[in-house]
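A.B. asks: Show me how the following folds:
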Amino acid sequence: MSCTMKKIVVTMMAVWMTLLNIQAQGVEYTKEDSTLVVKLLKEAVTQRGKENPVFYFGKKFLGLPYVAHTLELGDKEHLIVNLHELDCTTFVETVVALSLCDQQDRRTFDAFCQNLTRIRFRNGQMTDYTSRLHYFTWWAEDNIRLGLVDEVCPKSSPWGAFTAIQTIHIDYMSAHPTLYKQLKNHPEFVPTIKQYEQATNGKQFRYIPKKNLSWGQDTALGIVKDGDIVAMLTDSDGLDTRHIGIAFWQDGKLHLLHASSLYKKVLMSKETFYEYEAKQAKHTGIRVFRVNYTL
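C.D. replies: Okay, the predicted model is just below:
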């Protein structure tokens with residue numbers, strides 16, 4: 001069997017196992033949400049054109065209410081699909097899942113659920129609360145390993161806009177378990193979360209410091225493209241990131257499409273990304289990721 005055929009077989013098996021896992025544990029959604037997924041995917045065939053899929057689908061949710069903690073329902077971990085209330089993470093995950101379906105030309109709700117599960121859970125497999133990719137560093141590493149996204153960053157010097165290095169130190173979840181419904185109800189999950197945190201600590205990643213976000217599209221910052229996923233980093237409080245969203249260019253300046261907790265809705269920021277970040281005292285800069293459309 002050729003390497004290409006082996007890759008196809010492995011991919012098909014992973015999708016099949018994901019589907020079985022979804023069917024076994026159930027999906028929580030409304031009829032309106034499943035209908036909207038199919039509608040958006042079918043419309044994209046004639047409406048998206050050559051526009052970046054992440055940017056295209058992201059704009060479909062403009063004005064939608066920002067609501068936190070929509071995944072913290074019930075006592076047993078299951079796939080929750082909610083397209084009428086989004087936070088910054090569920091917004092990005094929803095848009096990426098739609099983008100993957102569009103590129104795969106799989107325009108069904110089942111296909112969307114399969115992709116969302118692969119994006120949201122460790123190794124693409126949903127088991128219990130500890131299998132969810134709670135920290136963005138986990139999300140990025142896992143989705144890169146599965147081939148779903150690539151990190152946008154030069155592989156060696158010259159580093160362009162990526163002039164800073166983040167050293168990971170995360171422990172917020174294990175240090176504050178009572179702030180998380182599932183950890184409060186299931187203290188037996190805490191050691192596993194702590195083990196994952198400790199395995200991540202000390203890793204280093206190159207990033208764009210927020211001062212460099214003032215650069216124009218015609219500079220080294222132009223490596224960032226419309227539709228790239230951006231993670232806003234922090235080096236405090238036992239966290240790795242504080243916010244995530246989608247980058248886009250306007251009049252040669254970088255801007256942010258995101259689910260805003262301040263404005264309580266999904267919006268395209270009128271202020272530049274640099275202006276936005278300058279107001280965020282605990283933000284240090286951004287890592288950048290791009291959905292792999294060759295799947």
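A.B. asks: Let me see the ranges of the strands in the stretch 101-250 of the chain.
C.D. replies: Here the stretch 101-250 of the chain has its strands, by DSSP state E, counting those that start in this stretch, at 149-151, 164-167, 204-209, 229-234, 241-250.
A.B. asks: quick one: buried residues of the last one?
C.D. replies: Going back to what we said before, that points to strand 241-250. Applying a neighbour-count criterion of 16 or more other C-beta atoms under 10 Å, one finds 241, 242, 243, 244, 245, 246, 247, 248, 249 buried in strand 241-250. Just so you know, the C-beta spots here come from the backbone N, C-alpha and C atoms, and that holds for glycine as well.
A.B. asks: Quick check: next helix or strand after the worst-scoring helix or strand of the chain on mean pLDDT?
C.D. replies: Of all the helices and strands that make up the chain, helix 3-25 has the lowest average by mean pLDDT, DSSP states H and E, namely a mean of 43. Later in the chain than helix 3-25, the nearest helix or strand by DSSP states H and E is strand 27-28.
A.B. asks: And that following strand, what does it pack against?
C.D. replies: Counting contacts by 3 or more C-beta pairs under 8 Å, 6 or more residues apart in numbering; DSSP states H and E, strand 27-28 is packed against strand 79-80.
A.B. asks: so for the strand it packs on, what's the average pLDDT?
C.D. replies: Averaging pLDDT along strand 79-80 yields 97.
A.B. asks: next one: stretch 108-127
C.D. replies: Across stretch 108-127, the average pLDDT comes to 97.
A.B. asks: on that earlier part again, of the strands of the stretch 101-250 of the chain, which approaches residue 114 most closely?
C.D. replies: Closest to residue 114 of the strands of the stretch 101-250 of the chain is strand 149-151 (C-beta to C-beta; 16.3 Å).
A.B. asks: what lines up beside that closest one in the sheet?
C.D. replies: Under the criterion DSSP bridges, strand 149-151 sits next to strand 283-291 (antiparallel) in its sheet.
A.B. asks: Sketch out the low-pLDDT regions of the protein for me.
C.D. replies: 1-25, 294-295 (pLDDT under 70).
A.B. asks: Show me the helices in it, by range?
C.D. replies: Using DSSP state H, the helices of the chain run over residues 3-25, 31-47, 53-59, 88-104, 109-120, 136-145, 172-175, 181-185, 190-200, 273-278.
A.B. asks: how about these in TSV, adding distance to residue 210 and mean neighbour count?
C.D. replies: Written out in TSV, the entries for the helices of the chain read as follows (distance: least, C-beta to C-beta, whole Å; neighbours: other C-beta atoms under 10 Å):
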stretch	distance to residue 210	mean neighbour count
helix 3-25	37	12
helix 31-47	33	15
helix 53-59	22	22
helix 88-104	17	23
helix 109-120	26	22
helix 136-145	16	20
helix 172-175	21	18
helix 181-185	31	15
helix 190-200	23	16
helix 273-278	4	20
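A.B. asks: From start to finish, how long is stretch 64-80 in a straight line?
C.D. replies: With C-alpha to C-alpha, to the nearest Å as the measure, the ends of stretch 64-80 fall 17 Å from one another.
A.B. asks: May I see the buried residues of it?
C.D. replies: For stretch 64-80, the buried set under the neighbour-count rule, 16+ other C-beta under 10 Å, comprises 64, 66, 67, 70, 71, 77, 79, 80.
A.B. asks: which of these sit farthest apart?
C.D. replies: By the measure C-beta to C-beta, the buried residues of stretch 64-80 have their two most distant members at 64 and 77, which lie 24.5 Å apart.
A.B. asks: Residue 230 contacts residue 285, doesn't it?
C.D. replies: No: counting by C-beta atoms under 8 Å, residue 230 sits too far from residue 285 to count as a contact (9.8 Å).
A.B. asks: Residue 244 reaches residue 92, doesn't it?
C.D. replies: Yes: using C-beta under 8 Å, residue 244 and residue 92 qualify as a contacting pair, with a distance of 5.4 Å.
A.B. asks: where do the contact lists of these two overlap?
C.D. replies: With contacts taken as C-beta atoms under 8 Å, 6 or more residues apart in numbering, the residues that reach both residue 244 and residue 92 are residue 229.
A.B. asks: Please write out the alpha-carbon positions of stretch 238-247 in CSV.
C.D. replies: What follows is stretch 238-247, C-alpha atoms only, in CSV (Å, rounded to 0.1, in the frame of the first residue of the first chain):
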residue,chain,number,x,y,z
GLY,A,238,-1.2,30.8,35.1
LEU,A,239,-2.7,31.3,31.7
ASP,A,240,-1.3,31.1,28.1
THR,A,241,-3.9,33.2,26.3
ARG,A,242,-6.6,35.6,27.1
HIS,A,243,-8.6,35.9,23.9
ILE,A,244,-8.7,34.4,20.3
GLY,A,245,-10.1,35.7,17.1
ILE,A,246,-9.7,36.0,13.3
ALA,A,247,-7.3,38.5,11.6
